[in-house]
Structure formats: structure tokens, C-alpha cells
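S.K.: no sequence on this one, just coordinates:
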């Protein structure tokens, strides 16, 4: 890939990320949420109670970030924390009734944001986007690089370097 192609791709990804995050923040604000908190609520809604370390792994963020989100969501009454039965050092996080209601509202908002984001794209393109974006994410995921995966193995570029 030459610089012009790389620059166009990287700028498009950067702008999409910035604008999507800003739009999400604007939609979440009336619900009293900040970006990132919705992901935690949706993860708990999807999986049920989790230990904070599991939430950190699932959300792909550092434990201190999860701890801060959990404290804020607990203060607003949307989640509750209890010591893990098997390990008193671990904390189990669960949705409260208001947290489940909020997760339902976030799901509706998330559908609207997704529809807005892919407006004008054909159905086949939309259907393929999650897999393409997941592959791109894996390619730049530092955890994969640390284990030697996600480098575009088998690509022409990688083959030329071998």
C-alpha cells in the first residue's frame, strides 16, 4: 500500500471513530451515561453478573477504567457490587432493576445509531461490516501482536518480507 492509500484509509478510520464516539456521547447523555458505560451495561445484560476482571477483559479496557465506571454506575443505582463467594478479593458486578431498564433503552439507542451509521449502504455491505471491522481490530490489537497473531499472515506484503 502506498502512502496515499494508507493515509486515506487511516484518516477514514480516525474520522469514523471520532464522529461515531461523539454521536454516541450525544445520544447517551440524556440517559445520564458517558461513553463506555453503555458497553458495561450491555455486557452485564448479555452475560449476567460478572467479576470486574472479566468485565475488563470483555470490554477490552484496563481494570482501573472498569472500576471507575462501576463506581459511577453503582452511585447512580444501575448496578450493585458484592464480594465474590469463592474469592473475597474479587467483586461481582450485577445489574439492578433500573440498570436492566437502562440497558433496554441503550439497546434501542444503539439500534438507532447503527441505522444512522450505515445509512445509504446496501444490505450485503452492512452484513459484512462486523466481520471486516473485527478483522481490522484484531490486526491492530496489541494483545495479538504480543502473541504473534493478527499481522495479516499470508498477505502479499507479509510474504514479501519473509
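M.R.: Arrived safely, thanks for sending. What you are looking at is a predicted structure, and each value in this text was computed from that prediction instead of being measured.
S.K.: neighbours of the nearest residue to residue 28 once chain neighbours are set aside, just the number please.
M.R.: Leaving aside its sequence neighbours, residue 28 sits nearest to residue 38 (CB to CB, 6 or more residues apart in numbering; 5.8 Å). All C-beta spots, glycine's among them, are computed from the backbone N, C-alpha and C. Residue neighbour count, defined by other CB atoms under 10 Å, stands at 24 for residue 38.
S.K.: now do residue 116
M.R.: For residue 116, using other CB under 10 Å, the count is 11.
S.K.: which residues touch it?
M.R.: Listed by CB atoms under 8 Å, 6 or more residues apart in numbering, the contact partners of residue 116 are residue 23.
S.K.: what's the longest helix seen in the chain packed up against?
M.R.: For the chain, the longest helix by residue count, based on DSSP state H, is helix 3-28. Where contact means 3 or more CB pairs under 8 Å, 6 or more residues apart in numbering; DSSP states H and E, helix 3-28 is packed against helix 37-47, helix 97-117.
S.K.: determine which stretch of those is the most buried.
M.R.: helix 37-47 (a mean of 19; mean count of other CB atoms under 10 Å).
S.K.: what sits up against that helix?
M.R.: With CB under 8 Å, 6+ apart as the criterion, helix 37-47 contacts 24, 28, 33, 50, 55, 58-59, 66, 69-70, 72-73, 78-79, 93-95, 99-100, 102-103, 106-107, 109-110.
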